[in-house]
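>>> structure for the following, please:
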Amino acid sequence: MINKIIEIEIYGQKYRIKVKGEEDEKYISHLTSYVDQKMREVAVKSKSVDSVKIAVLAALNIADECFLWQKRLDQLNEVIGHMENEIESLEDYSFKDENTYKNKDKATK
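Just a heads-up that it's a prediction; the model follows:
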């Protein structure tokens, strides 16, 4: 895989970063757009011109989003765990019920 240096721009500042290929370049472009958008949203809301303050507030907003998504993911995993347990219980019940019928058939023969 070929390493390549690309130039990105976030909130008017240019940065040079190393990427490993076209996929990484597209992904970095997506991330760049997202961070730039978040910084611009914060700038409008805070009416600040201090780019460091804007960057920190944008980082906090992005971290908040990440934590909320992680919480949702944890909740979904918990629901999936309960569903898996329920399925196992139903399978056990079904297997026991199936054996009961087999044993009754043997007893009647």
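
>>> determine the longest helix present in the chain.
Longest helix of the chain, by residue count under DSSP state H: helix 51-108.

>>> now do the phi/psi pair for Val49.
phi -110, psi 0 (degrees, to the nearest 10).

>>> point out where the protein drops to low pLDDT.
1, 97-109 (pLDDT under 70).

>>> center of the protein, which residue is that?
Trp69 (6.3 Å; C-alpha atoms, centre = their mean).

>>> which residues does that residue contact?
Shown in contact with Trp69 (C-beta atoms under 8 Å, 6 or more residues apart in numbering): no residues. (Each C-beta comes from the backbone N, C-alpha and C, glycine too.)

>>> near Lys38, how many other residues are there?
Neighbour count for Lys38, taken as other C-beta atoms under 10 Å: 21.

>>> which non-adjacent residue is nearest it?
Ala58 (4.3 Å; C-beta to C-beta, 6 or more residues apart in numbering).

>>> how close does the one you found get to Ile5?
24 Å (C-beta to C-beta, to the nearest Å).

>>> ok, Asn77 next?
From Asn77 to Ile5 the distance is 39 Å (C-beta to C-beta).

>>> all set, thanks.
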